[in-house]
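> What shape does this take:
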Amino acid sequence: MTRLCLVLMALVMSAGSHAHGAAPADAVKPLVVLIGIDGFRADYLGRGHSPVLLGLANQGAVAHGLTPVFPTNTFPNHVSLVTGRFPGHHGILNNTMVDPLIPHQVFRLRDRAAVTNPAWWSEVEPIWVTAGRQGRISSTLFWPGTEVSIGGRQPRDWLPYQHELTSMQRASQLLQWLTDIRPDRPQADFATLYVSEVDSEGHAHGPDSPEVNEAIARVDLAIGHLIDGLRAAGLWHQTTLVVVSDHGMSLVPAHQIIDGAALLKPFPRARWEWIGATPGVALGGEAQEAVLAALAAAQNLTCWPKGLAPRRLGPLLHRRVPDIVCLAAAGWSLNNRLLSFPIPGQHGFDPEHTQMQGLFIAHGPAIRPVKLGRTSSLEVYPLLCALLGIEPAAHDASGILASQVLRK
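Okay, here's the model as predicted:
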C-alpha cells in the first residue's frame, strides 16, 4: 500500500469516526476498551513522551510492572491477557510452534494460513468468545486470535492484521466502529486496539533509542485521538480503558549471540524449534542426557528437560513444548544460523526480569485511583470480565487485581 493510500485511509477513517454524531445519553451503555501496546516496557511511561498515558495513570490505577507469562513473547502473552490462562493451558506456547497433531504446518506469526487455522486455537477461549455467548458485542481492531473462528465465534467487527497501518490509523478505524451506532447496529460492549510500533522500533533500534521514544509519542497521540473521538460521540463518560503491554524489551549487543548450530552439531537429528532468548530443542531421536550435557557447557544458557523447568515459569508439558526448554541470560540470545544484521532489541527473557515488565493502566468510572506493585498479566482477564459483568471461563488467575482496582 502506498503512503498516499495510507494517508487517505486515515482521513476517511477519521471522518467516519464522527459521522454519526454523539450517541443519545440514554442509549449509552458501559464500554470496555482493551489497548495492547506491543513491547511497551513499564519504565517507558516515565520517559516524558506519553502525556496521555501518564494522565490516565495519574487519574486511575497503574502498576509498577505487568509481569508477563513465559515465554515472554507476543502471541502467548496476548492470548494469556484475554484468557487468564498460562500458555501451557491455552496452547499458544510461542510465536513459532510445532504440533504433532498438525503435522504439515508450522505456526509462525507471519504465516496467515497457520494463524487463521482453527486447529491451533482449539484450546483457547478468549474473552470475546465468552462475552459473545453471554450476549455482549465485541469490536476488535487486531488482537491475536480475532482472525479465526474459535468455538464458532468471532467478534462482530474485526479485520485481517495489517502491520503497515499506523497506530493513528488503527485508532481511527476502531473509532469508526465504536461510534457507528444504529438500531440495527447496537453499541459494542468490548473493544480491543492493538498497536505494534513501539515493539517494532525496539527490535530494530534497541529499547534506549530515539526511534522508540518517537514511537511512544505516536502511540500516545493515537490513544489521545481515540479518547477525543469517544468524548465527541458521548461515549467517554461510560468508557473504561485498560492499557497493557505483552512484555518489555532488552538490549542484546551483537557480540552476545549464542551459536545454537555449534551446540547441536554433534547431534544431527536434533534441531532448534525455538530460538532467541527462549530456545527449545526437538531431540529427533538423540539421547536427551547427551544433548543436555552439551547444552550445560554453554555459558549464559540454562536448559531443562520438558516439564522440569522451574514451576514459576508455569506448566510446560503441552505437546507443543519442545523436548528441552532453555532460557538465555539477560542480554544474550541464541540463534541457529548466522545473521547478516543484528537484532539489538529482544524479549523472551525471564518474566521476573525488570526489563521484561510490561505496562498496566486502568481508567474509568468503576476504577479507583491506586498505585500497585507488580501484577501478573493473568490477572487482567478476570478484571475485564468483572467490568463487562460476565461469568469468566476457567482461568489460572486469582482475581486479586480486580479486587484492588475496582470501586467497592
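> Only C-alpha atoms from now on, for both contacts and neighbour counts.
OK.
> worst-scoring helix or strand of this protein, pLDDT-wise?
Scoring the helices and strands of the chain by mean pLDDT, DSSP states H and E places helix 3-17 at the bottom, with a mean of 41.
> Check which element follows it along the chain.
Remark: after helix 3-17, the chain's next helix or strand is strand 31-37, criterion DSSP states H and E.
> Pairing partners for that following strand, with directions?
strand 190-195 (parallel), strand 239-244 (parallel) (DSSP bridges).
> Off-centre distance for the first one?
Between the centre of strand 190-195 and the centre of its chain there are 11 Å (CA atoms, centre = their mean, to the nearest Å).
> what does it contact?
31-38, 128, 136-143, 166-167, 170-171, 174, 219, 388 (CA atoms under 8 Å, 6 or more residues apart in numbering).
> separation between the nearest residue in space to Val148 that is not next to it in sequence and Gly145?
Once flanking residues are discounted, Val148 sits nearest to Thr116: 4.9 Å by CA to CA, 6 or more residues apart in numbering. Distance of Thr116 to Gly145, computed by CA to CA, to the nearest Å: 8 Å.
> want to throw the strands paired with strand 31-37 into CSV with mean neighbour count?
Formatted as CSV, the strands paired with strand 31-37 follow (neighbours: other CA atoms under 10 Å):
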stretch, mean neighbour count
strand 190-195, 24
strand 239-244, 24
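> Can you add mean pLDDT and give those back as JSON lines?
Shown next, in JSON lines, are the strands paired with strand 31-37 (pLDDT from 0 to 100):
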{"stretch": "strand 190-195", "mean pLDDT": "98"}
{"stretch": "strand 239-244", "mean pLDDT": "98"}
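> mind listing what's buried in stretch 279-293?
Buried residues in stretch 279-293, counting neighbours by 16 or more other CA atoms under 10 Å, are found at 279-283, 288, 291-292.
> What are the contacting residues of it?
By CA under 8 Å, 6+ apart, the residues outside stretch 279-293 that reach it are 264, 267, 269-274, 303-305, 321-328, 334.
> mind listing the helices for the stretch 151-300 of the chain?
Ranges of helices within the stretch 151-300 of the chain are 167-179, 197-205, 210-232, 260-264, 288-296, based on DSSP state H, counting those that start in this stretch.
> Please identify which of these is closest to Ile92.
Closest to Ile92 of the helices of the stretch 151-300 of the chain, according to CA to CA: helix 197-205, at 19.7 Å.
> chain center to the closest one, what's the gap?
14 Å.
> can you check stretch 73-91 too?
For stretch 73-91, the distance to the chain centre is 9 Å (CA atoms, centre = their mean).
> Same question for stretch 378-397.
With CA atoms, centre = their mean, you get 16 Å for stretch 378-397.
> same question, stretch 43-52
19 Å.
> May I see the buried residues of that stretch?
In stretch 43-52, counting by 16+ other CA under 10 Å, buried: 44-45, 49-52.
> Save these as TSV, and put in distance to Leu101 too.
Below are the buried residues of stretch 43-52 laid out as TSV (distance: CA to CA, whole Å):
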residue	distance to Leu101
Tyr44	41
Leu45	42
His49	46
Ser50	45
Pro51	48
Val52	46
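> Just the residues you listed: which are in helices?
51-52 (DSSP state H).
> mind listing what the residue nearest to Val148 touches?
145, 147-148.
> What is the nearest of those to Gly206?
Closest approach between those and Gly206, by CA to CA: Gly145, at 27.9 Å.
> Find the nearest non-adjacent residue to Ile258, please.
In space, and not counting its chain neighbours, Ile258 is closest to Leu334: 4.4 Å by CA to CA, 6+ apart.
> who are the neighbours in contact with that neighbour?
257-260, 275-277, 279, 328.
> And Trp128, by the same measure?
Going by CA under 8 Å, 6+ apart, Trp128 touches 137-138, 154-155, 190.
> let's see 10 Å
82-83, 134, 136-140, 145-146, 150, 153-156, 189-192 (CA atoms under 10 Å, 6 or more residues apart in numbering).
> Okay, buried residues for the helix or strand encompassing it please.
Assigned by DSSP H and E, Trp128 belongs to helix 127-133. For helix 127-133, burial by neighbour count (16+ other CA under 10 Å) applies to 127-132.
> Mind giving me the PyMOL command for buried ones among the contacts of stretch 279-293?
Applying 16+ other CA under 10 Å to those, the buried members can be selected in PyMOL as follows:
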select buried, resi 264+267+270+271+272+273+274+303+304+305+321+322+323+324+325+326+327+328+334
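> same question for stretch 327-335, mean pLDDT?
Computed over stretch 327-335, the mean pLDDT rounds to 96.
> Convert the C-alpha atoms of it to CSV, please.
The C-alpha coordinates for stretch 327-335 follow below in CSV (Å, rounded to 0.1, in the frame of the first residue of the first chain):
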residue,chain,number,x,y,z
LEU,A,327,16.4,-19.6,28.9
ALA,A,328,19.2,-17.3,27.9
ALA,A,329,20.8,-14.9,30.4
ALA,A,330,19.6,-11.3,30.2
GLY,A,331,21.2,-9.6,27.3
TRP,A,332,22.0,-12.8,25.4
SER,A,333,20.2,-14.6,22.6
LEU,A,334,20.6,-17.9,20.8
ASN,A,335,20.5,-18.3,17.0
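> returning to what we had before: let's have the buried residues of helix 127-133 in TSV, adding pLDDT and distance to Leu372.
Putting these into TSV (pLDDT from 0 to 100; distance: CA to CA, whole Å) gives the following:
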residue	pLDDT	distance to Leu372
Ile127	98	24
Trp128	98	27
Val129	98	29
Thr130	98	28
Ala131	98	27
Gly132	98	31
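> ok, the residue sitting furthest away from the middle of the chain - contacts?
Of all residues in the chain, Pro266 has its C-alpha farthest from the mean position, at 36.9 Å, by CA atoms, centre = their mean. Pro266 sits next to 286, 290-291, 294 when contact means CA under 10 Å, 6+ apart.
> now for those, which pair is the farthest apart?
Glu286 and Ala294 (12.0 Å).
> Overlap of the contact sets of those two?
266-267.
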